[in-house]
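Colleague: Sequence and predicted structure, then a few things I'm wondering about:
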Amino acid sequence: MDPTLRVVTRIPLDELWSDAGSLPLVRGADLGEAEIADRLRAGIKAIAVANCGKALQWIPASGCYPFWKNEVKERLVDPMREIPPLEDYPGEYCYLASEWTGQGNTVILVERYH
């Protein structure tokens with residue numbers, strides 16, 4: 001399959017990819033608000049956004065903090081809780097976040113539930 005045509009068909013994801021193909025990253029811990037803030041302060045290189053039916057979206061380092069602040073933060077589900085009713089979130093959707101690492105790289109994945 002041409003990786004440029006690949007879309008998210010289900011979440012949670014079991015791999016990450018780019019237009020060049022699969023990436024050598026492994027899913028790690030689920031992240032809450034404090035952990036994401038720590039990763040952003042440490043200079044995370046990218047956030048990947050998984051939304052069923054759409055291509056995996058990549059937010060570059062320069063856009064990570066604004067994306068976090070304006071889109072994800074108020075919709076983030078605490079990893080220790082079940083997903084509350086979507087009506088409890090702005091726009092009736094929310095995100096679960098996880099950390100992916102490999103070959104010296106760290107990416108935050110946010111998976112959108114709607």
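Modeller: Good, I have the coordinates.

Colleague: what's the spacing between Gly53 and Arg112?
Modeller: Look at Gly53 and Arg112: by C-beta to C-beta, to the nearest Å, they are 10 Å apart. Backbone N, C-alpha and C define where each C-beta goes, glycine included.

Colleague: quick one, strands of the chain?
Modeller: Assigned by DSSP state E, the chain shows strands spanning 17-18, 21-22, 26-31, 46-50, 57-60, 94-102, 105-113.

Colleague: which residues are contacting the fourth one?
Modeller: Where contact means C-beta atoms under 8 Å, 6 or more residues apart in numbering, the residues beyond strand 46-50 that reach it are 8, 11, 13, 16, 56-61, 64, 67-68, 72, 100, 107-112.

Colleague: Can you flag the buried ones in these?
Modeller: 8, 13, 16, 56, 59, 64, 67-68, 72, 100, 107-112 (16 or more other C-beta atoms under 10 Å).

Colleague: Can I get stretch 24-41 in CSV? Just the C-alpha atoms.
Modeller: C-alpha atoms of stretch 24-41 as CSV (Å, rounded to 0.1, in the frame of the first residue of the first chain):
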residue,chain,number,x,y,z
PRO,A,24,10.3,2.3,14.2
LEU,A,25,8.4,3.6,17.3
VAL,A,26,6.9,1.6,20.1
ARG,A,27,3.9,2.7,22.1
GLY,A,28,4.7,3.5,25.7
ALA,A,29,2.8,4.9,28.6
ASP,A,30,-0.5,6.7,28.4
LEU,A,31,-0.1,10.4,29.2
GLY,A,32,-2.0,12.8,31.3
GLU,A,33,-1.9,16.6,31.3
ALA,A,34,1.2,16.9,33.5
GLU,A,35,3.2,14.4,31.5
ILE,A,36,2.4,16.1,28.2
ALA,A,37,3.4,19.5,29.7
ASP,A,38,6.7,17.9,30.7
ARG,A,39,7.3,16.5,27.2
LEU,A,40,6.5,19.9,25.6
ARG,A,41,9.0,21.6,28.0
